[in-house]
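Undergrad: Here is my input; please provide its structure:
(chains A, B, C and D)
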2 protein chains.
Amino acid sequence: MKTDLDSERDYSQQIAHTIRDAIVSGDLPVDGRLPSESDLATRFNVSRPTVREALKRLAAQNLIRTQRGATGGAFVNRLSFEQAQDHMVTTATLLLSMNTVDFETACEARFALERACVPLACARRTPAHLASLRAEIARHGTDGLSDEAFCASDVAFHRALVDAAGNPVLSWHLAGAVEAMQPLMNMITFTARSRGRIIALHDGLTRALEAGKPRPALAALDELAAYTLELGGEIRARRGARRSS
Amino acid sequence: MKTDLDSERDYSQQIAHTIRDAIVSGDLPVDGRLPSESDLATRFNVSRPTVREALKRLAAQNLIRTQRGATGGAFVNRLSFEQAQDHMVTTATLLLSMNTVDFETACEARFALERACVPLACARRTPAHLASLRAEIARHGTDGLSDEAFCASDVAFHRALVDAAGNPVLSWHLAGAVEAMQPLMNMITFTARSRGRIIALHDGLTRALEAGKPRPALAALDELAAYTLELGGEIRARRGARRSS
DNA sequence: CTTTGCCATATGTCAGACAATTAACATTTG
DNA sequence: CAAATGTTAATTGTCTGACATATGGCAAAG
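TA: You can find the predicted model right below:
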């Protein structure tokens, strides 16, 4: 591991980068212990606070965990899909909210990705998957649900759909795409009629998955995509009208 | 913004979390300036090093940038797709390498996702997209290329394919999936014959995109997926043999 | 043998200081 | 007057040394 730093630039950043590379390259094994903060400070020829800043940077990326006490220290984390998903969802949400992505673009991406899951889900869905799909349908069919709760349940349905494909890598990648849409969806007001239609489409999709028939499942998903776009178009129209008034 | 901290737990983490929430919720606007480190230290009733650790955590997530000098400080970053992609690629790579994901699973996910791009790419590909696809084909058709260089060019081809769909959200999500495969692909030894076949399939795919015909494009992609799996199967067989010897 | 208390080690936090950078202001000079 | 130059204040980056806190291991007491 390189321990000589380029002056002129942020030490803690360079140190974090060096250690990160060592982790990514497998030089530091999972669950391996890093040298103590004082050791690192000596090696890199900086003070302990500087080392600590570097370690905090790595901790923020879930690359290491720290433990106090006699046998404590900083340990290389086994990055779990779960941890990484949280991070991904935050990032995806921020990207959508800060970059003024059209509803259309985000929606297109999301449904295109979900389409990719359908054939796999048809082949692999287990009774447990079908049960959680049905549970979410029942939940967002409940009377008197707020729009926000309806959205949350909708998102859960879509995540269940993705999970039904039985591929953890796929689930991880799509979690961001699906969850990040929630703030955008929350701007939609769902009438009883539109809720009914969505639920009917979810139901049709679930039946097709149960039957293991990709063709009608894709058709249902496409219809859902078209309808979501339509609803999204309405909110944009309303917003445009409000702005121009 | 809450400024009272739960004792018993890591201050810098709590502070980072508090500020992060303020950013995500839009409470702190993009390009807005955070209070100075001393200010934050006073508000949260902690010392400046502690505040700094919190800020470094946020900086590691690209949520803020810092600037020295009289009008300096910490500013809320407009998260760009580009910055977020780097991060995503690192995370995706680590996930694959640390969680002993089968080559098959990763491969399936990647090609399923790429399939989702094909119809869009057929409709939207520009001459520039086609040119970069062709450029990569030419590059990995070069004689005497190392396996690693061949892989890198292959990855670049696939990224170009994704970009041809003309949806930045999609590109962002798939960058991780595509790039993270590279270390796995690097374990494959490509013979002249297998390279030839891959190039032929890339060529066919590019022609189909140019013609705007999704059907043959998907067929080419599926064939590519099957062939990649086959090559991956070989390396697994070899590895198994070596382990049992 | 078990429990208790001490100790060494490591991270978490603090206080105060100095260095380096930068923009704005004041001053000098042509 | 205008331009170049020096000064100052604010802010981040870094260092030093210290104390607080958590935790495993070890030794002594019961």
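
Undergrad: give me phi/psi at the closest residue to DNA strand D within chain A?
TA: At 2.1 Å from DNA strand D, A:G69 is the closest residue in chain A, using Cβ to the nearest atom of the strand. C-betas here are computed from N, CA, C, even on glycine. When read as degrees, to the nearest 10, the backbone of A:G69 gives phi 100, psi -180.

Undergrad: cool, A:T66 as well?
TA: Note on A:T66: backbone dihedrals following degrees, to the nearest 10 are phi -120, psi 150.

Undergrad: correct me, but it touches A:A60?
TA: No - in this structure A:T66 lies outside contact range of A:A60 using Cβ atoms under 8 Å: 11.9 Å.

Undergrad: Could you check which of those two is surrounded by more residues?
TA: Between A:T66 and A:A60, counted using other Cβ atoms under 10 Å in any protein chain shown, A:A60 has the larger neighbour count: 24 against 16.

Undergrad: Starting from chain B, give me the distance back to the more buried one.
TA: 4 Å (Cβ to the nearest Cβ, to the nearest Å).

Undergrad: Isn't that residue up against B:R57?
TA: Yes - the pair A:A60 and B:R57 passes the contact test of Cβ under 8 Å, sitting 3.8 Å apart.

Undergrad: any common contacting residues for these two?
TA: B:A16 (Cβ atoms under 8 Å, 6 or more residues apart in numbering or on different chains).

Undergrad: contacting residues for A:I199?
TA: A:137, A:140-141.

Undergrad: Of these, which belong to helices?
TA: A:137, A:140 (DSSP state H).

Undergrad: if we look at stretch A:34-49, which residues are touching it?
TA: Residues contacting stretch A:34-49 (Cβ under 8 Å, 6+ apart): A:3, A:5, A:11, A:15, A:19, A:28, A:50-52, A:54-55, A:64, A:73-76, B:49, B:52.

Undergrad: Name only those of those that count as buried.
TA: A:5, A:11, A:15, A:19, A:28, A:50-52, A:54-55, A:64, A:73-76, B:52 (16 or more other Cβ atoms under 10 Å in any protein chain shown).

Undergrad: From those, which land in strands?
TA: Members of these lying in strands (criterion: DSSP state E): A:64, A:73-76.

Undergrad: host element of the most centrally placed residue in chain A?
TA: Taking Cα atoms, centre = their mean, the centroid of chain A lies closest to A:G176, which sits 2.3 Å from it. Assessed by DSSP states H and E, A:G176 sits inside helix A:168-180.

Undergrad: for that helix, packing partners?
TA: helix A:81-98, helix A:103-124, helix A:147-163, helix B:81-98, helix B:103-124, helix B:168-180 (3 or more Cβ pairs under 8 Å, 6 or more residues apart in numbering or on different chains; DSSP states H and E).

Undergrad: Highest mean neighbour count out of these?
TA: When the helices and strands packed on helix A:168-180 are scored by mean count of other Cβ atoms under 10 Å in any protein chain shown, the highest mean neighbour count falls to helix B:168-180 (a mean of 24).
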